[in-house]
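[1] Return a 3D structure for these sequence lines:
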Amino acid sequence: MTALSLKKVNKSFGSVHVLKDIDIEVEEGEFVVFVGPSGCGKSTLLRVIAGLEDASSGEIHIGDDLVNLTPPSKRGIAMVFQSYALYPHLNVRGNMTLALKQEKQPKEVIDERVEEASRMLDLAPYLDRFPSELSGGQRQRVAIGRAIVRQPKLFLFDEPLSNLDAALRMNTRLEIAHLHEQLGASIIYVTHDQTEAMTLADKIVVLRDGRVEQIGSPMELYNNPANQFVAGFLGSPAMNFLPASLLNEGDDRTMGVRPEDLFLDDDGVIAARVNHVEKLGGDTNVIAKVSDFQITARLFGQQAVEPGQKLRLGFNPQRVYHFNREGARMD
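    Numbering: from 1, shown residues only. Here you go, the predicted structure:
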């Protein structure tokens, strides 16, 4: 069953065309991540799905229902915001039960749902605390718990980890993945962080300038990017791009090779001069100049490479991508 269907959805603010002919299908129980750079329209698209913004044209279906004219409270969605949006005067229990009380749900239903959500998110010890008494990670779990108790048709997450430090982001990311497994719920998740997209998604929607560039599983997009933008956006460190003419005179294509597909090779065809070395323990990132272009090589383990050093790099030709002048994939 289809949980969400967007058909030729457009959104304009005055003369500014923000979303352009968006077509997306989300299946029941699927975890779909909208990813793209700042300003690509991903948060606007989420707000259009939620009903917080009206679509200028196109159709939005949640389940079997056309919801273009349906108010947000009637769409069967629950939204988790970047800013948590908790009520400071209510304790954790109060924040989690407010929407259910407004829906006039029976007390036993409210208690049962809060107990279940608290168990899933390890919030039982904090139910009587106020938001000011919680850490950032605990506040985000409360915001997620408030969404869970509503038992929506569709969960919408708008950059929920942006306000957390690196360690909490990883922990909360794992919690969200585990939560999805437990609930089997349909989730739309917006982020600019390609690591979140790669680790959480069943399906990724890559957006640029209000358009869908490519849709597919994380490994589909990583291994078979449709164009240079998608190739450069997914992967860390990012894919290297060089004029193919550096290796093949007269070749007007752009060559793309991922940092992890480069290796030290005394007979390698790429001559480089090291600018900077990131020694990470398990990996060594070598940032180097090739002619007037910068590339990054991700080398396994600890490597005896230093700034200023000249070296040669090899690569597997089967792991090289080529793009035309417009950025479209050619092979």
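
[2] CA only for contacts and neighbour counts going forward, please
    Fine.

[3] In this protein, which residue is most central in space?
    residue 197 (3.3 Å; CA atoms, centre = their mean).

[4] Just the element for the closest residue to that one other than its chain neighbours, please.
    Residue nearest to residue 197 in three dimensions, not counting chain neighbours: residue 33, with 5.8 Å by CA to CA, 6 or more residues apart in numbering. Using DSSP states H and E, residue 33 falls within strand 31-35.

[5] Send over that strand as CSV, restricted to the C-alpha atoms.
    In CSV, the C-alpha atoms belonging to strand 31-35 read as follows (Å, rounded to 0.1, in the frame of the first residue of the first chain):
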residue,chain,number,x,y,z
PHE,A,31,11.9,5.1,5.6
VAL,A,32,12.4,7.8,3.0
VAL,A,33,15.0,10.6,3.4
PHE,A,34,14.9,13.9,1.5
VAL,A,35,18.4,15.1,1.2
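
[6] which secondary structure elements does the following helix or strand past that strand contact?
    Downstream of strand 31-35, the next assigned helix or strand under DSSP H and E is helix 42-50. The helices and strands touching helix 42-50, judged by 3 or more CA pairs under 8 Å, 6 or more residues apart in numbering; DSSP states H and E, are strand 16-27, strand 154-158, strand 187-191.

[7] contacts for the helix or strand following the second one?
    Scanning forward in sequence from strand 154-158 by DSSP H and E, the next helix or strand is helix 166-183. Contacts of helix 166-183 from elsewhere in the structure, counted by CA atoms under 8 Å, 6 or more residues apart in numbering, are 31, 120, 121, 137, 161, 162, 187, 196, 200.

[8] Let me have those residues in JSON lines, adding pLDDT as columns.
    Below are the contacts of helix 166-183 laid out as JSON lines (pLDDT from 0 to 100):
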{"residue": "31", "pLDDT": "97"}
{"residue": "120", "pLDDT": "87"}
{"residue": "121", "pLDDT": "87"}
{"residue": "137", "pLDDT": "85"}
{"residue": "161", "pLDDT": "83"}
{"residue": "162", "pLDDT": "81"}
{"residue": "187", "pLDDT": "96"}
{"residue": "196", "pLDDT": "91"}
{"residue": "200", "pLDDT": "94"}
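
[9] Return a selection command, for use in PyMOL, containing the buried ones of those residues.
    To isolate in PyMOL the members of the contacts of helix 166-183 that are buried, counting by 16 or more other CA atoms under 10 Å, one can use:
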select buried, resi 31+120+121+137+161+187+196+200
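
[10] closest to residue 93 among the contacts of helix 166-183?
    residue 121 (13.0 Å; CA to CA).

[11] so what's that closest one up against?
    Residues counted as contacts of residue 121 (CA under 8 Å, 6+ apart) are 141, 145, 175.

[12] Just the buried ones from the residues you listed?
    141, 145.

[13] Show me which of the contacts of residue 121 is closest to residue 74.
    residue 145 (19.5 Å).

[14] What is the burial count for residue 293?
    12 (other CA atoms under 10 Å).

[15] wait, doesn't it sit right on residue 242?
    Yes. Judged on CA atoms under 8 Å, residue 293 makes contact with residue 242 at a distance of 7.0 Å.

[16] Report pLDDT for residue 273.
    At residue 273, the model reports a pLDDT of 97.

[17] mind checking the SS state of it?
    Under the three-state scheme (DSSP: H, G, I helix; E, B strand; the rest coil), residue 273 adopts strand.

[18] how far away is it from residue 281?
    22 Å (CA to CA, to the nearest Å).

[19] who's more crowded, the two?
    Higher neighbour count among residue 273 and residue 281: residue 273, with 19 against 10, using other CA under 10 Å.

[20] now the more buried one: how far from residue 292?
    From residue 273 to residue 292 the distance is 11 Å (CA to CA).

[21] Please point out which parts of the lowest-mean-pLDDT helix or strand in the chain sit buried.
    The helix or strand of the chain with the lowest confidence, counting by mean pLDDT, DSSP states H and E, is helix 166-183 at a mean of 84. Of the residues in helix 166-183, 169, 172, 173, 176, 179, 180 count as buried by neighbour count, 16+ other CA under 10 Å.

[22] quick one, it and strand 31-35 angle?
    Here helix 166-183 points in a direction 140 degrees away from that of strand 31-35 (axes from the mean of the first three to the mean of the last three CA atoms, to 10 degrees).

[23] distance between helix 166-183 and the chain's centre?
    13 Å (CA atoms, centre = their mean, to the nearest Å).

[24] just to revisit the earlier point, now do the contacts for the residue nearest to residue 197.
    By CA under 8 Å, 6+ apart, the residues touching residue 33 are 188, 189, 190, 191, 197, 200, 201, 202, 203, 204, 205.

[25] Would you mind giving the residues you listed as CSV with distance to residue 116 added?
    Listed next are the contacts of residue 33 as CSV, based on distance: CA to CA, whole Å:
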residue, distance to residue 116
188, 22
189, 23
190, 26
191, 27
197, 27
200, 23
201, 24
202, 25
203, 28
204, 29
205, 31
